[in-house]
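Enquirer: pasting the structure only:
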């Protein structure tokens, strides 16, 4: 770092993304990206766009995109904020409500961006340990006196709270902002968007990166009360008011309108996820009850770190977290049917190799 860097940012590390190999022959199951292309309607919309408009700045209000979100979710446009990815909106929320005490509360095992962003920008926060089975204890959040941030379903565990459970948290914290990060909500879960009509302190954040196959377009949105949307819009307009490109706005509108395609893709992912989870369980893996487009698994006998390395040697990338409570687990994105079949085939070879190495070590010990 240079000698000019502000003291606040010295020694800070950014959120670590999943590895992006230069080689194209890897099976990439480490970033929870969709295995499906964007909706054909997205491609058609881009192809028919007036490229002459590219010389002009994009609509700073994201009007058409916000309208498509509002119509899809059954809310008013003044309840919607859109920006370049859900992480950006999460950052605005943490800054808007977390720089002063009492700050935020979120689980100790969750999306690592929350902690990294808070440390980098001086957001006050406290982490609450999950139960031993990675579930949330609702009593920890009842009348906690802080703003609350929960990924639902959670990452990397894949576990989910019901809408009724989220409402219990909301009822217990009427004077706090409650943020529900629904990045994976489309994979068979209840959204909390309908609760925004009843609870003006609720912010629901979603992304088009997962279920709508637009990770590269960088699109996310928040749904809340008009007053909170005004708060966040003030931050957005003062920092980067035209953050969503014209092309991304066009893609976002088309993706939000093609619900049939989204449901078809997520339905295939859900079915494959559950099938692969059974395959892992049959091989002795511990598998959490995932409600996302990934699996969180702990291999039998071999360490999670060694299993991840062995997969990489076989040109398969998975995500390993070297944290004190999750270092026995690996997160694996649900890809295509052929990719998951290869994952299971390679897993069988890895486990067989490990058993043979143990047998050799046992023989060597007996000979000594």
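Expert: The structure has been received and is ready for your questions. Just so we're clear, the structure is a prediction, and the values are computed from it rather than from any experiment.

Enquirer: who touches residue 287 in this structure?
Expert: 277, 280, 281, 295, 296, 297, 298 (CB atoms under 8 Å, 6 or more residues apart in numbering). C-beta here means a position set from N, CA and C on the backbone, and glycine is covered the same way.

Enquirer: List only those of those flagged as buried.
Expert: For the contacts of residue 287, a burial check counting by 16 or more other CB atoms under 10 Å picks out 277, 280, 295, 296, 297, 298.

Enquirer: Among those, which one lies nearest to residue 91?
Expert: Set against residue 91, the nearest of the buried ones among the contacts of residue 287 by CB to CB is residue 296 (25.3 Å).

Enquirer: Can you tell me which of the contacts of residue 287 lies closest to residue 330?
Expert: Among the contacts of residue 287, residue 297 lies closest to residue 330 (CB to CB), at 5.7 Å.

Enquirer: Give me the residue at the spatial middle of the chain.
Expert: For the chain, the residue nearest the mean C-alpha position is residue 183 (4.7 Å; CA atoms, centre = their mean).

Enquirer: so what's that one up against?
Expert: Applying CB under 8 Å, 6+ apart to residue 183 gives the contacts 86, 111, 151, 155, 205, 206, 207, 209, 210.

Enquirer: Redo those as JSON lines? Include neighbour count and distance to residue 67.
Expert: Formatted as JSON lines, the contacts of residue 183 follow (neighbours: other CB atoms under 10 Å; distance: CB to CB, whole Å):
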{"residue": "86", "neighbour count": "24", "distance to residue 67": "19"}
{"residue": "111", "neighbour count": "21", "distance to residue 67": "29"}
{"residue": "151", "neighbour count": "26", "distance to residue 67": "27"}
{"residue": "155", "neighbour count": "22", "distance to residue 67": "29"}
{"residue": "205", "neighbour count": "24", "distance to residue 67": "19"}
{"residue": "206", "neighbour count": "26", "distance to residue 67": "16"}
{"residue": "207", "neighbour count": "24", "distance to residue 67": "18"}
{"residue": "209", "neighbour count": "22", "distance to residue 67": "21"}
{"residue": "210", "neighbour count": "25", "distance to residue 67": "22"}
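
Enquirer: Go through those residues and name the one nearest residue 225.
Expert: Taking CB to CB as the measure, residue 225 lies nearest residue 205 of the contacts of residue 183, at 14.0 Å.

Enquirer: Quick check: that closest one touching residue 178?
Expert: No - between residue 205 and residue 178 there is no contact, the gap being 11.5 Å when judged by CB atoms under 8 Å.

Enquirer: related to what we said a few turns ago, am I right that the residue nearest to the centre of the chain sits in a helix?
Expert: No - assigned with DSSP: H, G, I helix; E, B strand; the rest coil, residue 183 falls outside any helix and is coil.

Enquirer: List the backbone torsions phi and psi for it.
Expert: Here is the backbone geometry of residue 183 (degrees, to the nearest 10): phi -60, psi -30.

Enquirer: rewinding a little: which of the buried ones among the contacts of residue 287 fall in helices?
Expert: If you go by DSSP state H, the buried ones among the contacts of residue 287 have 277, 280 in helices.

Enquirer: Which residue is the nearest non-sequential neighbour of residue 86?
Expert: Excluding the flanking residues, the one nearest residue 86 by CB to CB, 6 or more residues apart in numbering is residue 220, at 3.2 Å.

Enquirer: and what of residue 301?
Expert: Sequence neighbours aside, residue 354 is the residue nearest to residue 301 in space, at 6.1 Å (criterion: CB to CB, 6+ apart).

Enquirer: Same check on residue 285?
Expert: What sits nearest to residue 285 in space, not counting adjacent residues and going by CB to CB, 6+ apart, is residue 297, at 4.7 Å.

Enquirer: How about residue 188?
Expert: The shortest distance from residue 188 to any non-neighbouring residue, by CB to CB, 6+ apart, is to residue 270 (5.1 Å).

Enquirer: now residue 114
Expert: residue 106 (5.3 Å).

Enquirer: Thanks a lot, see you next time.
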